[in-house]
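Peer 1: how would this look folded up:
(2 chains)
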Amino acid sequence: MVLEFFRRGGHTTLEEVEQSLVDMVCRTHEVYDAAMEAVFGGGKSKDTKRTVKSTDRSINEEQRRVRRALMLHAAVETVDLPQVLGYMSVVKDAERAGDYAKNLYDLAKYGANFEEAEDRAELEYYRDAVGGLIDEVAEVFAHRNTDRAAALIERADGFLDQYDDHVRAAYDSAGPASDAVARALYYRYLKRLTAHLMNLLTSLVMPIDRLDYYDEAKDDRETP
Amino acid sequence: MPGPVRAVLVLALLYLFLVGVRLLESGINGLGSDFTDALFENVTNPISGLFVGMLATVLVQSSSVTTATIVGLVAAGVIDVEAAVPMVMGANIGTTVTNTIVSLAHVRRSEEFRRAFAAATMHDFFNIVAVAVLLPLQIATGLLSKVAAAISRFLAGGEELGGTFDSPIKGAVKWLGGMIEDALDALVGPDRLLAALTILLAIAVIFVTLTFITKNMKVLVAARIERTLNAALARSGLVGMVVGTIVTVAVQSSSITTSILIPLVASGILTVRNAYPITLGANVGTTITALLAALGAGKVDGLTIAVTHTLFNLTGILLLYPWPKIRYLPVVAAEHMAAFAIRHKTAALGYTVGFFLILPIVGIFVFR
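Peer 2: Got it, this is the predicted structure:
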């Protein structure tokens, strides 16, 4: 431990924090996959439950570790303050993305099951879209690719209104309340998950004061 | 600036710092013994010496500058080791003003401030306790300086107090120091004006070089400091002490180490009790500057006072830390004061100004 001082090379704190954020997104994908397996009729086995819980806990612990590392970095290297503030903000998004993935698992726990649903194809379409998005966010963030980040943010934007439309449709639905609630929450959680992932990406392309507004209307977000 | 270039710059600054200590010594010698005896008559009273060391450190915000200057004064023979010991103890107390000031930045958020102020003032209390026990002991028995003299004698190859010793550093410093002295001599002439100018130049060189050594070393080893502190965050005890010592030796400033700890404690990611051993380690680490200065001066007396500084801090730790019942005495006192300070915030400011500025000024006048 004391020998850490004499160790040569290694990653900087900010590089480690960036890697942690990528890891948190990857772990979110694990929770997301387990949740979707449960929601679409797969097992709500004890093993799955345990995996979801422990992975979510590990994401939370990673968030605390990142915050400590950023605080220490700010105390030593004041020149990196803008990045520290940015990452301090978006680490919350990485953690919240994990929370919404867990919430999707909770949907299955409460009885939601889309296995026999008439609109299964549509539900699966959004499931796969968000699943792909999680992978892309991890990759784009890991490579600090600002062009791809901007393109991905633009693409994800298109989904937000669609999720709102589906929530509205569930509200207006004349079908069983349980189906309507399950769909409303499903699309709401997908929207929040998408928004938090995009918030994470905005740290690559946006100034600090514009972070955190991804779920606002596009013109509100872009108001100077 | 690339790392290797910065490292070379630090070495050059370190060399200039040692030249500064040598210039100080020769400038003081140039003043003549009558003048210097009269000038430093006041510090022969140990309590006055303690306050002089404290005030000087508060004013320059660096115990390294004060202790390096004291080494220069002792090496020049204007102050003897016995008179210099209280001054280095005072420097130890004075250096804690920096993190106390840093902690005041948290004053608007009570809980943060409580933690920050406790982390800062535990350093004060530790030094006060150490001085309260060791200064009377030193006055009565000369224990610290006697042990330091024995160690210095050993390090200087058997030379007694008043003697000199050779070191490669001394030889290297002599070359540039001698050139500067000759140049000033040619410009001003060999009188007291030359001596005064040399002293002013020396103090400026010591102050500026130490400031830039600290700044550049901090940049050079920032990542290492982070890694090491990160690894030590949840630890305490010996590991913390070693970490505090290493980081402080690297940046040549205990104020840097302890000031880094304040926001960490304020934000709650480091507890006051875990910060405590790191702070004690910083106390030991900061003595490296005086030791370097003594090696450059090449006088056994200078080396003795530098070793006394290290011994004082090590003994302070041995006095409190190994005994669980009294180990956290400074922490508990600091926590009580912090609890009071969050209720009466002006008291925190009053303490800082009163203890670090008014008390030493009054003390110097009363005990001169």
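
Peer 1: only C-alpha atoms for contact and neighbour calcs from this point on.
Peer 2: Noted.

Peer 1: quick one, what contacts residue B:100?
Peer 2: By C-alpha atoms under 8 Å, 6 or more residues apart in numbering or on different chains, the residues touching residue B:100 are B:117, B:120-121, B:352.

Peer 1: Apologies, that question was intended for residue B:317.
Peer 2: Counting by C-alpha under 8 Å, 6+ apart, residue B:317 has contacts residue B:280.

Peer 1: where's it relative to chain A, distance?
Peer 2: Going from residue B:317 to chain A by C-alpha to the nearest C-alpha, to the nearest Å gives 19 Å.

Peer 1: Give me the buried positions along the helix or strand harbouring that residue.
Peer 2: According to DSSP states H and E, residue B:317 maps onto helix B:300-320. Buried residues in helix B:300-320, counting neighbours by 16 or more other C-alpha atoms under 10 Å in any protein chain shown, are found at B:300-314, B:316-317, B:319-320.

Peer 1: hey, C-alpha coordinates of that helix in CSV?
Peer 2: Written as CSV, here are the backbone C-alpha positions of helix B:300-320 (Å, rounded to 0.1, in the frame of the first residue of the first chain):
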residue,chain,number,x,y,z
VAL,B,300,27.7,20.0,13.2
ASP,B,301,25.6,22.5,15.1
GLY,B,302,23.3,23.0,12.1
LEU,B,303,23.0,19.3,11.7
THR,B,304,22.2,18.9,15.4
ILE,B,305,19.3,21.4,15.3
ALA,B,306,17.9,19.7,12.2
VAL,B,307,18.1,16.3,13.9
THR,B,308,16.5,17.8,17.0
HIS,B,309,13.6,18.8,14.8
THR,B,310,13.1,15.2,13.6
LEU,B,311,13.6,13.8,17.1
PHE,B,312,11.1,16.2,18.5
ASN,B,313,8.4,15.1,16.1
LEU,B,314,9.2,11.4,16.5
THR,B,315,9.2,11.7,20.3
GLY,B,316,5.9,13.5,20.2
ILE,B,317,4.4,10.6,18.4
LEU,B,318,6.0,8.1,20.8
LEU,B,319,4.6,10.2,23.7
LEU,B,320,1.0,9.8,22.6
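
Peer 1: Now do that helix: distance to the chain's middle.
Peer 2: Put simply, helix B:300-320 sits 11 Å off its chain's centre (C-alpha atoms, centre = their mean, to the nearest Å).

Peer 1: What residues does chain B have near chain A?
Peer 2: B:222-228, B:230-232, B:239, B:242-243, B:260-261, B:263-264, B:267, B:269 (C-alpha under 8 Å from any C-alpha of the partner chain).

Peer 1: from the residues you listed, which ones fall inside helices?
Peer 2: B:222-228, B:230-232, B:239, B:242-243, B:260-261, B:263-264 (DSSP state H).

Peer 1: In terms of pLDDT, where does whichever residue of chain B sits closest to chain A sit?
Peer 2: Residue nearest to chain A within chain B (C-alpha to the nearest C-alpha): residue B:224, separated by 4.9 Å. pLDDT, residue B:224: 79.

Peer 1: Tell me, how many residues neighbour it?
Peer 2: Applying other C-alpha atoms under 10 Å in any protein chain shown, we find 23 residues neighbouring residue B:224.
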